[in-house]
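*Asks:* need a structure here:
(4 chains)
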Number of protein chains: 4
Amino acid sequence: MTSVILQLICPDRAGLVSALSSWIFKNRGNIHHADHHTDEGVSLFLSRLEWDLDGFRIPRDAIDAEIQDLANSLSGKAQLYFSDVFPKVAIFVSKQSHCLLDLLGRVSNNELRMNIPLIISNHDTLRESCNQFKVEFNSIPIDAESQLISKKMILDSPVNHNIDLVVLAKYMQILSPNFLQAFLNVINIHHSFLPAFKGAKLYHRAWKRGVKLILATAHYVTDDLDDAPIIDQAIAYISHHDEVEDLIRKGRGIERIAIARALTFHLRRQVMVYEGRTAIFA
Amino acid sequence: MTSVILQLICPDRAGLVSALSSWIFKNRGNIHHADHHTDEGVSLFLSRLEWDLDGFRIPRDAIDAEIQDLANSLSGKAQLYFSDVFPKVAIFVSKQSHCLLDLLGRVSNNELRMNIPLIISNHDTLRESCNQFKVEFNSIPIDAESQLISKKMILDSPVNHNIDLVVLAKYMQILSPNFLQAFLNVINIHHSFLPAFKGAKLYHRAWKRGVKLILATAHYVTDDLDDAPIIDQAIAYISHHDEVEDLIRKGRGIERIAIARALTFHLRRQVMVYEGRTAIFA
Amino acid sequence: MTSVILQLICPDRAGLVSALSSWIFKNRGNIHHADHHTDEGVSLFLSRLEWDLDGFRIPRDAIDAEIQDLANSLSGKAQLYFSDVFPKVAIFVSKQSHCLLDLLGRVSNNELRMNIPLIISNHDTLRESCNQFKVEFNSIPIDAESQLISKKMILDSPVNHNIDLVVLAKYMQILSPNFLQAFLNVINIHHSFLPAFKGAKLYHRAWKRGVKLILATAHYVTDDLDDAPIIDQAIAYISHHDEVEDLIRKGRGIERIAIARALTFHLRRQVMVYEGRTAIFA
Amino acid sequence: MTSVILQLICPDRAGLVSALSSWIFKNRGNIHHADHHTDEGVSLFLSRLEWDLDGFRIPRDAIDAEIQDLANSLSGKAQLYFSDVFPKVAIFVSKQSHCLLDLLGRVSNNELRMNIPLIISNHDTLRESCNQFKVEFNSIPIDAESQLISKKMILDSPVNHNIDLVVLAKYMQILSPNFLQAFLNVINIHHSFLPAFKGAKLYHRAWKRGVKLILATAHYVTDDLDDAPIIDQAIAYISHHDEVEDLIRKGRGIERIAIARALTFHLRRQVMVYEGRTAIFA
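*Replies:* Predicted coordinates:
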């Protein structure tokens, strides 16, 4: 049964829950999930509402226009989704396969409600793995000569495929500001340690430092990494028995977990982003 | 600033979120938190609403009557709380101090918003610890002779102190059905293993079996243990290095954690109980 | 660089660490890892020693004979492994792909040091997935008529492939005692809940009961399930937002994690089994 | 039954396990636990051996001299402990009570095998809590005028009490280099976030940033924080429901856990420190 999912953010004031739920009720929508959060620090009201499309008095195609009117009247912003629409997701990879294979497996297993029409890589390494899952694989090498062309291809491919979401599943390249302007929904996964290390050879330095845990963070990508809204974080414990290769293996393990969990939240439209952070209505 | 907290459970139907939020809005309540959940398996609607008492048009003393009318009109049940009322909690203990000292510490530290006017034990062991925290300590020994008197004292003491909640912090006695009828809010903590063991010497048998983790479960107490609504569960991992005494130490560690977390949920009125289970709005 | 790995279990007595390490030293072995554990409850000594093959004075082929002599002299049992030998693992599946795909991904990614020459299923569902990874797939249907033949095929296939280890990656069939006699190394994965439920529709009943966490247990298979030595357990938390399908998804998530972790321990020869339980030297 | 515990670090070479265990065996020691680790990156051998004092041929008072000879012959360093000696621990606090009360509770409960003859604070706030537990409480205010005197008192008090270990249980002052020279064993606890924040108001900034987890790190204190060997780290998850005060509460929760766990490792002599990091033999 198809649900209508509404995400709305607007300045806080009295009567908002009432206004939204009354509007749905008067149009004969039966609310399944309703989650509201007021961030008092920034005086913002966040609402996520989910109701049956079946029996709703406004036709499917006309709902968004009405929702946008409602949002405007509240000086807010609204996004509308239908649970039967599977987003088109492009996965960007380099040479590492662990996140890619895990995501392909979960999609084939119906654990992630999305379609993957396109995989882009700056290497040819994972072509065969992708072909196995019958997904189009575009290898776009990044080198000095072809950089301009590459950047254009990287930008055009998802556009041509009507991609809704880009997942960087260990894509070891920096995306251009142009790309990030064109695609607002880009999710990345990376590992890190505490104390934090910068630069190269993270795993080796963390191992040398004797850190006791490793983190994986899944986040939306923004121009400024320090503003990137975090969706999910996972951890694994490390012991002195672990060699560098064990840290790498454990890091991969939690990268798989965090990106899959973050995608689950995103695809169910449970993530709301505001002021550089997220609320997860799950 | 004082909040009004409403918990309401009623049969599901369209318009409930709207009805509740409109009622609050028309009485000039500003909603801070609103959480609704529909359990479609049993067709029940659960709502937890929190709004400012300040500015609300209905006087504090009159709110409950109106809420009960509202709940009746929805064939539901409602409970009303005010965030500035600290519940009176009686703690029942036997000889083990770990949960008791942890709870007393958290209360003194303002981490748990409750008052502890009374501690009851079937032993005298923890009297001094309780005196330190300036809490009345009643030792009510349970033995064959005095059993009837004991049972009456155990029942009367909390009544006389107007106790709202009884916490069994390792009280190694079974409460009488009378007691459970008089006090609906009784929270217990116990540890267990998987595979499950029954009977005595749990730790020894789990150790012998080589289990790899231990669980602590905090739950409301009901006549039938199998129906007891679970509030929170915590775990610790076990290795072959661990002796029985280590299992006991780790078990205590997670019992502390689970009971403190369960109490936090309860005291914030984030737990709703229905059909032998809980929804935690946190 | 190839390591020699020795696992030895024998009755405890003074001088065992000395005897073993002196034997290795006098044969010019350089010990990398040495882990000894005395289980005083059963008076057993467990030792896991790992040293360089390179430079060791006893030829590779002659080590086992000497080790067995040593073990006999200690009234113990020894097992010898070489780190450059990748075990041949048969995976048994039914219709669910989540563990299988995860394991195939990890093998292709060099995270699990094993070869998979054979996959056996009682259904044809996962044939294509296995072909993708270029692994032989034998579908052996289990039905009333063909049961005797099936049992024989199930028993013969791994024998013919010289299988070292059988992994039941959601193989929803009970293995015959004959099979378990022929293959001592069989690892299974299953999920469970606390309180424990028996029988069918585990997920539905756990959901109805409102359990707050789900466990996955990876264990060696024995005739009597209650004696099955546990290798690893993983957990996931559940909230009232989770529907039955979410429990299933979360259960799959931790089944993947627990079986991969258990296999890692097994393949590194870090698991020692005794008296129905395991010591994990990791 | 008293155990002798030996920690030894020396340059790696063949025969070390054999040399140590033979020495214990020839003196009729029965080894209970033996854990050896070779850090190949720095070519160091770490050994932790535990055996019965009862029946050991070398008298208790003479063991250390022999151990030091042995260590010298291996160009290494050794430390000897007896399990029946409870270290004298000074706890330093400021105004926050959560770690202090937790530690006092665990000591009174026999979960931490140590004595606390002395608590030092730069405030008077926690005097009464300490008196309850019958522990000497020295308040040594830190201010401009008295700074020199204070520093001397802070240095002298533990010396006068023959303190073995100083635990900074939320002591919000920086220790002088003199102090750190006098006391090699100082354990601190602090919380942090990822991404990392520096400076004041950590909780507020982490909350504003929307971080999804908080970490507590227990470590030995060194002049240079970046070299401080980490003993244990614990985490708690954060949601958008959590206000700053919830982050503080959760941070306190994991600070309690990490410091108690780190102390357990330390007191059992399971921690070995080398090259700015730790190996935990547990």
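*Asks:* The residue in the stretch 151-282 of chain A that chain B sits nearest to pairs with what?
*Replies:* Distances between the stretch 151-282 of chain A and chain B by C-beta to the nearest C-beta are smallest at residue A:237, namely 9.2 Å. Any C-beta I mention is one placed from the backbone N, CA and C, and that applies to glycine too. For residue A:237, the beta-bridge assignment (DSSP bridges) gives partners residue A:213.
*Asks:* ok, it - how many residues close by?
*Replies:* 14 (other C-beta atoms under 10 Å in any protein chain shown).
*Asks:* now the one 4 residues further on
*Replies:* Here the neighbour count serves as a burial measure; for residue A:241 (other C-beta under 10 Å) it reads 14.
*Asks:* before we move on, the earlier item: next one: the residue of the stretch 151-282 of chain A closest to chain B from residue C:282, what distance?
*Replies:* The gap separating residue A:237 from residue C:282 is 11 Å, by C-beta to C-beta, to the nearest Å.
*Asks:* Looking at the stretch 151-282 of chain A, which residue is nearest chain C?
*Replies:* Counting by C-beta to the nearest C-beta, the stretch 151-282 of chain A gets nearest chain C through residue A:249, at 5.3 Å.
*Asks:* was I right about that residue contacting residue C:112?
*Replies:* No - using C-beta atoms under 8 Å, residue A:249 is not in contact with residue C:112, being 9.4 Å away.
*Asks:* Find residues that contact each of the two.
*Replies:* Each of residue C:264 lies in contact with both residue A:249 and residue C:112 under the rule C-beta atoms under 8 Å, 6 or more residues apart in numbering or on different chains.
*Asks:* These two: who's more crowded?
*Replies:* Using other C-beta under 10 Å as the criterion, residue A:249 and residue C:112 rank with residue C:112 on top: 24 against 20.
*Asks:* contacting residues for the more buried one?
*Replies:* Residues near residue C:112 by C-beta under 8 Å, 6+ apart: C:103, C:106, C:260, C:263, C:264, C:267.
*Asks:* out of those, who has the most neighbours?
*Replies:* Greatest neighbour count in the contacts of residue C:112, by other C-beta under 10 Å, goes to residue C:263: 28 neighbours.
*Asks:* Nearest residue to that residue in space, please, no chain neighbours.
*Replies:* Excluding the flanking residues, the one nearest residue C:263 by C-beta to C-beta, 6 or more residues apart in numbering or on different chains is residue C:112, at 5.7 Å.
*Asks:* Check whether stretch A:251-259 comes near chain D.
*Replies:* No - Stretch A:251-259 does not reach chain D (C-beta under 8 Å from any C-beta of the partner chain); its nearest approach is 9.5 Å.
*Asks:* Doesn't the residue of the stretch 151-282 of chain A closest to chain C lie inside a helix?
*Replies:* Yes - counting by DSSP: H, G, I helix; E, B strand; the rest coil, residue A:249 is found in a helix.
*Asks:* Need the pLDDT of it.
*Replies:* For residue A:249, the model assigns a pLDDT of 95.
*Asks:* Next one: it from residue C:110, what distance?
*Replies:* As judged by C-beta to C-beta, residue A:249 and residue C:110 stand 9 Å apart.
*Asks:* now do residue A:105
*Replies:* Residue A:105 is 17 Å from residue C:110, by C-beta to C-beta.
*Asks:* between these two, which one's more packed in?
*Replies:* A direct count of neighbours by other C-beta under 10 Å for residue A:105 and residue C:110 places residue A:105 higher, at 24 against 9.
*Asks:* Does that one touch residue C:106 like I think?
*Replies:* No - counting by C-beta under 8 Å, residue A:105 sits too far from residue C:106 to count as a contact (10.9 Å).
*Asks:* Residue A:161: neighbouring residues, count only.
*Replies:* 16.
*Asks:* what residues are up against it?
*Replies:* A:88, A:90, A:117, A:118.
*Asks:* and the next element down the chain from the helix or strand where the third one lies?
*Replies:* If I follow you right, that is residue A:117. Per DSSP states H and E, residue A:117 falls inside strand A:115-121. Using DSSP H and E, the helix or strand that follows strand A:115-121 towards the C-terminus is helix A:127-132.
*Asks:* Would you mind listing the outside residues contacting that following helix?
*Replies:* By C-beta under 8 Å, 6+ apart, helix A:127-132 touches A:97, A:100, A:101, A:104, A:119, A:121, A:136, A:137, A:139, C:108, C:132, C:133.
*Asks:* Which neighbouring elements make contact with the helix or strand following it?
*Replies:* Next along the chain after helix A:127-132, taking DSSP H and E as the criterion, comes strand A:137-139. When contacts are defined as 3 or more C-beta pairs under 8 Å, 6 or more residues apart in numbering or on different chains; DSSP states H and E, strand A:137-139 packs onto strand A:115-121, helix A:127-132.
*Asks:* Please identify the most buried of these.
*Replies:* Ranked by average neighbour count under the criterion mean count of other C-beta atoms under 10 Å in any protein chain shown, these are headed by strand A:115-121 at a mean of 21.
*Asks:* Could I have the buried ones of the contacts of helix A:127-132 as PyMOL selection syntax?
*Replies:* A single PyMOL command suffices to select whichever of the contacts of helix A:127-132 are buried according to 16 or more other C-beta atoms under 10 Å in any protein chain shown:
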select buried, (chain A and resi 97+100+101+104+119+121+137) or (chain C and resi 108+132+133)
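*Asks:* Which elements pack onto the lowest-mean-pLDDT helix or strand in chain A?
*Replies:* In chain A, the helix or strand scored least confidently by mean pLDDT, DSSP states H and E is helix A:147-160, which has a mean of 82. Packed against helix A:147-160 by the contact rule (3+ C-beta pairs under 8 Å, 6+ apart) you find strand A:115-121, helix A:177-182.
*Asks:* Can I get that helix in PDB, CA atoms only?
*Replies:* Taking C-alpha atoms only, helix A:147-160 is exported to PDB below (Å, rounded to 0.1, in the frame of the first residue of the first chain):
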ATOM      1  CA  GLN A 147      40.400  16.300 -16.500                       C
ATOM      2  CA  LEU A 148      38.100  18.700 -18.000                       C
ATOM      3  CA  ILE A 149      36.400  16.000 -20.100                       C
ATOM      4  CA  SER A 150      36.300  13.700 -17.100                       C
ATOM      5  CA  LYS A 151      34.600  16.300 -15.000                       C
ATOM      6  CA  LYS A 152      32.000  16.900 -17.600                       C
ATOM      7  CA  MET A 153      31.400  13.200 -18.000                       C
ATOM      8  CA  ILE A 154      31.100  12.700 -14.300                       C
ATOM      9  CA  LEU A 155      28.600  15.500 -14.100                       C
ATOM     10  CA  ASP A 156      26.600  14.500 -17.200                       C
ATOM     11  CA  SER A 157      26.300  10.800 -16.600                       C
ATOM     12  CA  PRO A 158      24.100  11.000 -13.500                       C
ATOM     13  CA  VAL A 159      22.100  13.800 -15.100                       C
ATOM     14  CA  ASN A 160      21.400  11.700 -18.200                       C
END
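*Asks:* give the contact list for the residue most central in space within chain A.
*Replies:* Among the residues of chain A, the one closest to the centroid is residue A:187, at 4.2 Å (C-alpha atoms, centre = their mean). Contact partners of residue A:187, counting by C-beta under 8 Å, 6+ apart, are A:165-168, A:218-221, A:231, A:259, A:262-263, A:266.
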